[in-house]
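[1] missing the sequence, but the structure's below:
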């Protein structure tokens, strides 16, 4: 089955610790995305990557970092500089090309900082 | 700039009622438009999409028509079911790979 996996589903960390969220896809998609979702708010873009070894900041990149060393993987690190990291994090991917305009989402990781 | 404004919720309907969730957009160029659905604790799933003016997207009894003259993409369903209870997001994509999402509308359908 092709799809996007995110792990873990729930993650708890102490304040001041860095934490890395995993996102893997086997859809052979070039583009990958990280969004943050807070209650009552829409999705806000943290980072996106259009190709391996390249990524761009989204609207709320401060306090986060990413890497894209492999096409299948786009891990997100929430650093201690992120002031309010408790949220639901969604990873997505998309194929390349003008007609490929649908994003596919993973099941999400709920991060709680204690 | 690019943005999506959708009807605030929450929306509560009785089973078999008619549903409309309003969505309007601002975009540079000619966007593709989407409705996504999110069930509790899950990621988003594509519900339907339209890529040019006057296109109608449809799926599972839901419909939305791309109206360029009113910059709208309202979601409708003639008869909702309890299983339609979820959060619905309107979104747009312009050229390139960046998407813009609305804030989501929570729908609860009661038997």
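    Yes, it's here. It should be emphasised that the depicted structure is a prediction, and the values quoted were computed from it without experimental measurement.
[2] show me what contacts the residue in chain A that chain B sits nearest to?
    Residue nearest to chain B within chain A (Cβ to the nearest Cβ): residue A:105, separated by 3.6 Å. For glycine as for every other residue, the C-beta is placed from the backbone atoms N, C-alpha and C. When contacts are counted by Cβ atoms under 8 Å, 6 or more residues apart in numbering or on different chains, residue A:105 touches A:4, A:90, A:91, A:92, B:36, B:43, B:44, B:45.
[3] again, but for residue B:59
    Contacts for residue B:59 (Cβ under 8 Å, 6+ apart) come out as B:47, B:48.
[4] related to what we said a few turns ago, need the per-residue pLDDT for the residue of chain A closest to chain B.
    What the model reports as pLDDT for residue A:105 is 94.
[5] Please indicate which of the contacts of residue A:105 are buried?
    Buried members of the contacts of residue A:105, scored by 16 or more other Cβ atoms under 10 Å in any protein chain shown, are A:4, A:90, A:91, A:92, B:36, B:43, B:44.
[6] Using JSON lines, please lay out those residues together with secondary structure, distance to residue A:110 and pLDDT.
    Converted to JSON lines, the buried ones among the contacts of residue A:105 look like this (DSSP: H, G, I helix; E, B strand; the rest coil; distance: Cβ to Cβ, whole Å; pLDDT from 0 to 100):
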{"residue": "A:4", "secondary structure": "strand", "distance to residue A:110": "16", "pLDDT": "95"}
{"residue": "A:90", "secondary structure": "strand", "distance to residue A:110": "10", "pLDDT": "95"}
{"residue": "A:91", "secondary structure": "strand", "distance to residue A:110": "13", "pLDDT": "97"}
{"residue": "A:92", "secondary structure": "strand", "distance to residue A:110": "16", "pLDDT": "96"}
{"residue": "B:36", "secondary structure": "strand", "distance to residue A:110": "19", "pLDDT": "96"}
{"residue": "B:43", "secondary structure": "coil", "distance to residue A:110": "12", "pLDDT": "89"}
{"residue": "B:44", "secondary structure": "strand", "distance to residue A:110": "15", "pLDDT": "92"}
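[7] TSV for the residues you listed, including distance to residue B:16?
    Shown next, in TSV, are the buried ones among the contacts of residue A:105 (distance: Cβ to Cβ, whole Å):
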residue	distance to residue B:16
A:4	35
A:90	32
A:91	36
A:92	33
B:36	24
B:43	29
B:44	26
